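1. this is a predicted model, with the sequence first.
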Amino acid sequence: KQEVTQIPAALSVPEGENLVLNCSFTDSAIYNLQWFRQDPGKGLTSLLLIQSSQREQTSGRLNASLDKSSGRSTLYIAASQPGDSATYLCAVPYSSASKIIFGSGTRLSIRP
Amino acid sequence: NAGVMQNPRHLVRRRGQEARLRCSPMKGHSHVYWYRQLPEEGLKFMVYLQKENIIDESGMPKERFSAEFPKEGPSILRIQQVVRGDSAAYFCASSPTPRGDELFFGSGTQLSVL
C-alpha cells in the first residue's frame, strides 16, 4: 500500500528565504511524482511533474528533486515571496494500482 | 482549450436529498479522478474512471455514492440521501494518460449539507 507523507505540516518563514518542502513515499515503484499548489478555497494548480527516470525538474524559482530509491522528493523554493503562501501537495501514481495518492500537504506562510 | 470544468461551484442540500456533481474533463482527456477534501485535510481518492468504465472505486463509500463517465457528456458523482458528514469540497481531475501524466484539476464543488 502506497503512503505519502509530507513534512513539515506547516511552515512560516520571512520573505526572501530559501526553503525546502519534503515528500516521502513508501512504494518506490512509481511512474512520476507531481507537486501542486492549493490556495484557500481553490482547486489545485500543477507546479512540477517529475518522471520516474528524472532526478529533478525546474520552473522559475521552483526546483523539485526525486530520489526513487529512498522514496523521497523535495520542493525547493528560492527567494520566497508572500505570494508563495499556499498549501503545497505532492502526489504519486504507482504501478500496482490505478489511484493517485496525495500527501496531506505543507501549509506555507511567507511573512512580508 | 478550456480547463477542467466543475459545476456547480457551491451546492447546498438538506439531509436526505440527492447531490449531483458534474465534471467536464479537458478536451482530449479520457481519464477522470474524483477526490474529496474535508476542512484542514488532504485530498482523499474516491474513484478513477475512463470513458464508460469504472477502473478503481476503492475510495468510494460502499453506500449512497456512485460515479459515472458516459460516452457523451460529463462525469457525474452522485450522492444519495446526503448526511452532514458528506459536507466537503469535491474535486475532479483529468489526465490524458492512465497514470496521471499529468493531472489537471477543476475548481471543485463545495457541498454543504444542512
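-> Yep, it's here. Numbers count the residues shown, from 1 in each chain, chains lettered A, B, ... in the order given.
2. not counting sequence-adjacent ones, nearest residue to the closest residue to chain B within chain A?
-> Using CB to the nearest CB, A:S104 is the residue of chain A that sits closest to chain B, at 3.7 Å. Placement of C-beta: from N, CA and C, glycine included. Leaving aside its chain neighbours, A:S104 sits nearest to B:G42 (3.7 Å; criterion: CB to CB, 6 or more residues apart in numbering or on different chains).
3. verify the stated contact: the residue of chain A closest to chain B with A:A9.
-> Yes: shown here, A:S104 and A:A9 form a contact pair, counting by CB atoms under 8 Å, at 7.0 Å.
4. quick one: the strands in the chain, in order.
-> You didn't say which chain, so I picked chain A. A:4-7, A:10-14, A:19-25, A:32-38, A:44-51, A:56-59, A:62-67, A:72-77, A:86-93, A:100-102, A:106-111 (DSSP state E).
5. um, chain B though
-> In chain B, the strands defined using DSSP E lie at B:5-7, B:10-13, B:19-24, B:31-37, B:43-50, B:53-56, B:65-68, B:75-79, B:88-95, B:104-105, B:109-113.
6. and the last one, how far from the chain's centre?
-> With CA atoms, centre = their mean, to the nearest Å as the basis, the distance from the averaged C-alpha position of strand B:109-113 to the chain average is 12 Å.
7. report the angle between that strand and strand B:31-37.
-> Relative orientation of strand B:109-113 and strand B:31-37, computed by axes from the mean of the first three to the mean of the last three CA atoms, to 10 degrees: 40 degrees.
8. partner strands of strand B:109-113, parallel or antiparallel?
-> When pairing is defined by DSSP bridges, strand B:109-113 lines up against strand B:10-13 (parallel), strand B:88-95 (antiparallel).
9. distance between the first one and the chain's centre?
-> Okay, so that is strand B:10-13. Going by CA atoms, centre = their mean, where strand B:10-13 is centred and where its chain is centred differ by 14 Å.
10. and if you look at the last one?
-> Averaged C-alpha coordinates place strand B:88-95 at 5 Å from its chain's average position (CA atoms, centre = their mean).
11. could I get the CA-only coordinates of it as PDB?
-> What follows is strand B:88-95, C-alpha atoms only, in PDB (Å, rounded to 0.1, in the frame of the first residue of the first chain):
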ATOM      1  CA  ALA B  88     -16.800  18.700   1.900                       C
ATOM      2  CA  ALA B  89     -15.100  20.000  -1.200                       C
ATOM      3  CA  TYR B  90     -15.200  17.600  -4.100                       C
ATOM      4  CA  PHE B  91     -12.500  17.900  -6.800                       C
ATOM      5  CA  CYS B  92     -12.300  16.400 -10.200                       C
ATOM      6  CA  ALA B  93      -9.100  15.900 -12.100                       C
ATOM      7  CA  SER B  94      -8.500  14.700 -15.600                       C
ATOM      8  CA  SER B  95      -5.500  13.300 -17.400                       C
END
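12. neighbouring contacts of that strand?
-> Here strand B:88-95 makes contact (CB atoms under 8 Å, 6 or more residues apart in numbering or on different chains) with A:43-44, A:100, B:4, B:6, B:21, B:23, B:25-26, B:29, B:31-39, B:43, B:75, B:77, B:100-106, B:108-111.
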